[in-house]
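Undergrad: the following comprises the amino acid sequence and a computationally predicted model.
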Amino acid sequence: MAETSDFKAKPPEGIDALGASSEGASLYQLIREDIIEGRLAANERLVVTDLARRHGTSTNPVREALQLLRGEGFVTLVPNRGARVRPIDQDFVRDIYEIGVLIEPALTRWFVNMATVEDIAELERIQGLIEENDFADTLRHSELDTAFHTVMYQKHYNRHAAELWWKHREVLRAVSRRFNFTLARRAAILSEHRELIAHVKAGNANEAAELIARHVEGSGRHILEHMRARNAARAG
């Protein structure tokens, strides 16, 4: 089996993963991790000079990073009041996955009508690797799963829709890292992927679109249920 790094998910062609300098992109990753892990608390004020001092850099990369985080919804920027951490709560996750439920069926329907033999072979190849891994390495699964869906969306003519999908996908991937897959969700992912490939082969665009809507909603609800359970445990 190849190493996980061999399957690092990449954004659809023509879409810059971050659109920032290397230093700004690095800070973005660090600050986002601090937000997700709770080291930067919800509604905490983010002072540019303080962040620059903490990370040993100048203020420009920090401003770049905050703009990126704002674009993904992790940070709110209010004129004359600065930046604050947005709560990573159930509403935040729900809003993101519900947008996916609206966007991904349209992207999928187009893909089914345009798919080539090579596209289908690539979906089957990646799905084979997903099944071989069988959730043993969750990071590897995440990378392969993202690559699977990227095959379907990367050629779409609407680059704004493809970019929005990618950004939201990355947000959900980051948030869901803290949670394990339930056995029911594992089974659903594998069976839905196989059913999706069958619809692509048969040219069933509407059926594939309906399936992907259920697939995305199932993924979002899986994260929400984990968040509810975690919050209940903390409250108890």
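TA: Okay, I see it. Residues are numbered from 1 along each chain as shown.

Undergrad: middle-most residue in this protein, spatially?
TA: R169 (2.1 Å; CA atoms, centre = their mean).

Undergrad: run a quick neighbour tally on the residue nearest to that one when sequence neighbours are not counted.
TA: Take R169 and drop its neighbours on the chain: the residue closest to it by CB to CB, 6 or more residues apart in numbering is T146, 6.3 Å away. From N, CA and C alone the C-beta is placed, and that goes for glycine too. When neighbours are counted by other CB atoms under 10 Å, T146 registers 19.

Undergrad: could you pull out the helices for this protein?
TA: Taking DSSP state H as the criterion, the chain carries its helices at 22-36, 48-55, 59-72, 90-114, 117-133, 138-153, 159-176, 183-202, 205-235.

Undergrad: which of those helices sits most buried?
TA: Among the helices of the chain, helix 138-153 has the highest mean neighbour count (mean count of other CB atoms under 10 Å), at a mean of 20.

Undergrad: now that helix: average pLDDT?
TA: Per-residue pLDDT values over helix 138-153 give a mean of 95.

Undergrad: quick one: contacts of that helix?
TA: Residues from elsewhere that reach helix 138-153 (CB atoms under 8 Å, 6 or more residues apart in numbering): 4, 7-12, 104, 107-108, 111, 119, 122-123, 126-127, 129-130, 133, 135, 162, 165-166, 169, 173, 176-177, 180-181, 189, 193.

Undergrad: tell me the domain ranges of this structure?
TA: Under the assignment the TED database, the domains of the chain span 20-83, 88-233.

Undergrad: least reliable of these going by mean pLDDT?
TA: Minimum mean pLDDT among the domains of the chain: domain 20-83, a mean of 88.

Undergrad: from the chain's centroid, how far away is that domain?
TA: Put simply, domain 20-83 sits 19 Å off its chain's centre (CA atoms, centre = their mean, to the nearest Å).

Undergrad: equivalent analysis for stretch 211-222, please.
TA: With CA atoms, centre = their mean as the basis, the mean position of stretch 211-222 lies at 13 Å from the chain mean.

Undergrad: and the contacts of that stretch?
TA: For stretch 211-222, the external contacting residues (CB under 8 Å, 6+ apart) are 93-94, 96-98, 100-101, 104-105, 108, 172, 176, 179, 181-182, 185, 188-189, 192, 195-196, 199.
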